[in-house]
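Q: got a predicted structure plus its sequence, pasted below:
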Amino acid sequence: MKVGASATGPHTARIGPKTKIRCRDVGEDELLGEVLRRLVPGKAVAIGPGDDCAVVEMQDHGKLLALKTDCVVEGVHFFRGTNALDVGWKAMMRPLSDFAATSAVPQFALITLIVPEKTEVTWMKELYRGLRRAANRFEVSIVGGETSSTPGPIAISTSVVGFVERSRAVSRRGGKAGDDLFVTGRLGGALSQKHLEFVPRIVESRWLTDNFSIHAMMDLSDGLGTDLPRLARASKLGFKIDTEKLPLSRGANSDAAISEGEDYELLFAISPRERDRLEHAWRKKFPKLPLTRIGRLNPKSEIRNPKLPGGYVHFQQPR
């Protein structure tokens, strides 16, 4: 199961070709920084590696192509024995949550199944029922994929392709000093069941970019304690939050809301001049879904970022 974990702090030196440092020693962000360092985006790449979705140019110059791949792995994202339908639902919805973060519209999906030979066919059929059910929720067509056997745990990789209008594409990188920070829904407690049943905020994201100028946005999959610093770093800014204002799920405390992860809510930055209009329009459009201002983005040199309980960091989960 994907659980909250505190990062031990990144290595600051560049990792050389002969340096014997393991993935668990550096964590996901620094590892990606190393392996992506020499990638040179082509001229058609609008948003490249390091964000929620890759976004590239299309022949229709008013739209950009959005691409995302994600995976769920037994023992990391779900327990052995978890209902296969729920696993399929989560495997499809995780990349769709990243589409929500980019305000993109998903259209097509490819599924790669990596399972042990002993896996029962009935389990596989139920898994695909979950995948189909999730895809149908957002009119996504599953158009192909791959299968492979493995001696290790089950893994399902889902790749999704879609589009986003050039004027509505959002990344983590556009935050401005003084922006308000908002989150949708409630945080914490997702590991009990929500992480297997969540619905990505695609509808809400599309509404936001149709009605407001959203400067930066991402989905909260690894926990506010990990994802908020990522958004601030991408925007080259600092941040301040009021932990007493965090919208908590029933039974959750602020530490859980910050560190557990698996919430799949939206975190976004918007000008404070839009605050009143946003809050009023949101209550009218989504009366059952909370929208909460939790803080703001600051100039990086203004104050030191607050120390937050760490969210989930791949390769540094508790052992």
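A: Great, that's in hand.

Q: so residue 208: helix, strand or coil?
A: At residue 208, secondary structure determined by DSSP: H, G, I helix; E, B strand; the rest coil is helix.

Q: that should have said residue 233, apologies.
A: Under the three-state scheme (three-state DSSP), the conformation of residue 233 reads as helix.

Q: my understanding was that residue 243 contacts residue 256; is that so?
A: No - counting by CB atoms under 8 Å, residue 256 is not a contact partner of residue 243; they are 11.5 Å apart. The C-beta positions use only the backbone N, C-alpha and C, and glycine is treated the same way.

Q: which one of the two is surrounded by more residues?
A: For residue 243 versus residue 256, neighbours defined as other CB atoms under 10 Å are more numerous around residue 256 (21 against 16).

Q: where does that one land on pLDDT?
A: pLDDT, residue 256: 90.

Q: and the helix or strand harbouring it, how far out from the chain middle?
A: In this structure, residue 256 is located in helix 254-259 according to DSSP states H and E. Taking the mean of its C-alpha atoms, helix 254-259 sits 17 Å from the chain's own mean (CA atoms, centre = their mean, to the nearest Å).

Q: let's see whichever helix or strand comes after that helix as PDB, backbone CA atoms only.
A: Moving toward the C-terminus from helix 254-259, the next helix or strand (DSSP H and E) is strand 265-270. In PDB, the C-alpha atoms belonging to strand 265-270 read as follows (Å, rounded to 0.1, in the frame of the first residue of the first chain):
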ATOM      1  CA  GLU A 265      -7.800  16.200  -5.100                       C
ATOM      2  CA  LEU A 266      -6.700  19.400  -7.000                       C
ATOM      3  CA  LEU A 267      -4.300  21.900  -5.600                       C
ATOM      4  CA  PHE A 268      -4.200  25.100  -7.600                       C
ATOM      5  CA  ALA A 269      -3.000  28.700  -7.500                       C
ATOM      6  CA  ILE A 270      -5.100  31.700  -8.500                       C
END
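
Q: strand 265-270 pairs with which strands?
A: Each strand paired with strand 265-270, and its direction, by DSSP bridges: strand 180-184 (antiparallel), strand 214-220 (antiparallel).

Q: rewinding a little: please point out which parts of the helix holding residue 256 sit buried.
A: The neighbour-count criterion (16 or more other CB atoms under 10 Å) identifies 254, 256-259 as the buried residues of helix 254-259.

Q: what of stretch 46-59?
A: Burial within stretch 46-59, assessed by neighbour count using 16+ other CB under 10 Å, is assigned to 46-47, 50-56, 58.

Q: what packs against the biggest helix by length in the chain?
A: Under DSSP state H, the helix in the chain containing the largest number of residues is helix 84-102. Packing contacts for helix 84-102, counted by 3 or more CB pairs under 8 Å, 6 or more residues apart in numbering; DSSP states H and E, involve strand 63-73, strand 105-115, helix 121-137, strand 155-165, helix 202-211, strand 214-220.
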